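1. the sequence and its predicted three-dimensional model are supplied below.
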Amino acid sequence: PMLQSSEADARYMACQLLGNLGEAAVPQLAAVAGRLSDDDNDVRAAACEALGKHGEARGQTVAAVVAPVLQSSEAGARSMACLLLGNLGEAAEPHLRAVAERLADSDWQVRKAACE
């Protein structure tokens, strides 16, 4: 419920908490990935950080919930998804084609993120 709050501070804190929870947060990772499209920049950053924290131990799970964000209508979300997937290494391999498609994105920041 906090991830869906109308208050940005609550969504931010929820992302931070889920980033630190470990295995118990896995069922919520898709909801955290949804915050990559949040209206609030701090919430988007907290979601990105939270997913990154889970990436090392649960890379394939994180990759699976982040990959659909590559199709978001929000350029910032697509950029963060590219960066997250790029940092996941081999766990993101099944999604490399989708990241490569972002090289033709209409937004230059997304194209740059897809290169990184």
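-> Looks like it came in fine. Residues are numbered from 1 along each chain as shown.
2. the helices in this structure, which residues?
-> Secondary structure of the chain (DSSP state H): helices at 8-20, 29-34, 41-55, 59-66, 75-87, 96-101, 108-115.
3. dump these into a markdown table; add mean neighbour count, mean pLDDT and distance to Met2 as well.
-> To be clear about C-beta, it is placed using only N, CA and C from the backbone, and glycine gets the same treatment. Listed next are the helices of the chain as a markdown table, based on neighbours: other Cβ atoms under 10 Å; pLDDT from 0 to 100; distance: least, Cβ to Cβ, whole Å:
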| stretch | mean neighbour count | mean pLDDT | distance to Met2 |
| --- | --- | --- | --- |
| helix 8-20 | 19 | 96 | 4 |
| helix 29-34 | 20 | 93 | 10 |
| helix 41-55 | 21 | 91 | 11 |
| helix 59-66 | 21 | 92 | 18 |
| helix 75-87 | 23 | 93 | 20 |
| helix 96-101 | 14 | 96 | 29 |
| helix 108-115 | 17 | 96 | 28 |
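4. dump those to a markdown table, plus distance to Pro1.
-> Listed next are those as a markdown table, based on distance: least, Cβ to Cβ, whole Å:
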| stretch | distance to Pro1 |
| --- | --- |
| helix 8-20 | 9 |
| helix 29-34 | 10 |
| helix 41-55 | 15 |
| helix 59-66 | 19 |
| helix 75-87 | 22 |
| helix 96-101 | 31 |
| helix 108-115 | 31 |
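5. how close does Asp105 sit to Ala113?
-> Remark: distance between Asp105 and Ala113 (Cβ to Cβ, to the nearest Å) = 9 Å.
6. what sits in contact with each of those two?
-> Arg78 (Cβ atoms under 8 Å, 6 or more residues apart in numbering).
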